[in-house]
Structures are given as structure tokens and as C-alpha cells.
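> Generate a structure from the sequence data that follows.
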Amino acid sequence: MKIFSRYTPLQIAIHLYAWSAIAWIIFELATGTFSINPIQELEQRTGRHAITLLVLSLMCTPINTIFKWSEPLKRRRALGLYAFLYATIHVIIFVDLDYGLAWSLIVQTVLQKPYIVVGMTTFLMLIPLAFTSFDIWKKRMGKNWKRLHQLIYYIAPLAVLHFAWSKKGDLFSLSGDIIRPLIYGLILAIFLIFRIPVIRKALASFSPRRLTLSPKKESQPEVDTP
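Numbers count the residues shown, from 1 in each chain. Okay, the predicted model is just below:
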């Protein structure tokens, strides 16, 4: 039990959720209840989990801004690395299990299906972020580290676009398999809107911490903090 005392409830929840997809896949494989199309199912599940974890990593800053809860900021790296893990598994399943490392066929398929181009671009953009996510790189790169990691605001929409484009549906006519892509897109849009400086400042001013201040403290002039 001492091991669990080293981790906060949020840390435990993140690790449990991150590994839940693999655990559930192993359980279904062991009990013979997995899909009749296992390779496609593996691709879809690992891809969805990667996007979910990526979107959750973007939640951390808005949560801190609105609720003044700093711990989620400390968990962004774990969520991002788990997202990269599942994205890597997703790509390995595609190039190995699905296409048997037949690179000429893979290239041909990629060129024929634009959504795969978007997916591959997204994955390639994730690689430098994952490898430089550790503190040592943050110190070495200085201001360039922040510039590099701002790519996440392009990567996340591309990931959602890849997912939506791969489904058999039409977002514009609201037909077909569009519910999940639409939910991901709406959630991501909200989180990105929260990062607009004016909106972020407005949300911070109406956060629970400010609303619970005493009248005496509310009358004092605000001081911006770095």
C-alpha cells in the first residue's frame, strides 16, 4: 500500500485509464470475445484511445485556468506520452499486421487515401514532442522548447481530422458514422477556444477561487502575476 501512497488519485486515475484499452483488448482476446475483424478493431481502438488521451492532455490548462487546480498541469506529460504510445501501436498495427511491412503497398495505399496522409503527418509531428518532453530537453532548448511544443495545437486538430475522415460518414450532411468524430471535434474546439488570451483571462476572472473571495478582497485592485 505504500506504493499507492506515493501517487495522487489523479495520477492513479490517469495510469489506470491509459492502460485500460490494452487491458480490455487482452481480456477480450483471452475470452474469445474479440472482433471477427481483429486487425481493423485493433487499429480503431488504439487510434481512438490515442486521440482521447491527446484531447485530455489539452484539458489540463483550461482546468487550471478555471478551477485554479495546478495538478493537471503536472500530468500533461504523462497524458501526452501515453497518447504517443497508443499512436505508435496504431501505426505498427497498420504497417505490420495490416500490410505485413510491404512498403511499396503501404506507400501506394497512403497516396490513394488522403486521411492516411493526415494520420502519418500527425504521427511524425508527435515524435519530436514525445522525445523532447522531458525536463532535460526543456532546459537545453530554452524558448525553442515552448515553440516546438506549441505544435500540439496543430497536431490535435489533424488527429481529429484523420479520425473523422477515416469513418464512413459525412459531417456536412450529418449522415453516417459521425457521432464520435463530432464529439471529439466539439470538445477540441472548446478547449482551443479556452486558450485564446481574452477568453482565458475572462474565464480566470470568473473562476471559483475568485468568486469565493470576501468582499474586502474583491474591492482590492487586481495584480497580474507572471
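> Specify the helix with the largest residue count in this protein.
The helix of greatest length in the chain, counted in residues with DSSP state H as the criterion, is given as helix 38-67.
> Buried residues, the helix or strand just after it. List them.
Past helix 38-67, further along toward the C-terminus, the next helix or strand under DSSP states H and E is helix 71-92. By neighbour count, with 16 or more other CB atoms under 10 Å as the criterion, the buried positions of helix 71-92 are 72, 75-76, 78-91. To be clear about C-beta, it is placed using only N, CA and C from the backbone, and glycine gets the same treatment.
> what residue is smack in the middle of this structure?
residue 54 (0.4 Å; CA atoms, centre = their mean).
> Residue 85 versus that one, what's the distance?
Relative to residue 85, residue 54 is positioned 11 Å away (criterion: CB to CB, to the nearest Å).
> next one: residue 182
In terms of CB to CB, residue 182 sits 26 Å off from residue 85.
> got it, and residue 40?
Note on residue 40: its distance to residue 85, by CB to CB, is 20 Å.
> what comes up buried for stretch 155-169?
For stretch 155-169, by 16+ other CB under 10 Å, it's 155-167, 169.
> will you turn those residues into CSV that also has distance to residue 106?
Formatted as CSV, the buried residues of stretch 155-169 follow (distance: CB to CB, whole Å):
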residue, distance to residue 106
155, 22
156, 25
157, 25
158, 20
159, 20
160, 23
161, 21
162, 16
163, 20
164, 22
165, 18
166, 16
167, 21
169, 25
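> Now do the helices in this structure.
Along the chain, counting by DSSP H, helices occupy 2-5, 9-31, 38-67, 71-92, 103-112, 114-131, 135-141, 143-149, 152-166, 179-194, 197-205, 208-211, 215-218.
> okay if I get those as a markdown table plus mean pLDDT?
A markdown table is the format used below for the helices of the chain (pLDDT from 0 to 100):
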| stretch | mean pLDDT |
| --- | --- |
| helix 2-5 | 58 |
| helix 9-31 | 94 |
| helix 38-67 | 90 |
| helix 71-92 | 95 |
| helix 103-112 | 88 |
| helix 114-131 | 94 |
| helix 135-141 | 90 |
| helix 143-149 | 90 |
| helix 152-166 | 90 |
| helix 179-194 | 84 |
| helix 197-205 | 75 |
| helix 208-211 | 49 |
| helix 215-218 | 42 |
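> Number of residues surrounding residue 126?
Here the neighbour count serves as a burial measure; for residue 126 (other CB atoms under 10 Å) it reads 23.
> let's have the chain start at 321 instead
Okay, residue one is now 321; in that scheme the one you just asked about reads as residue 446.
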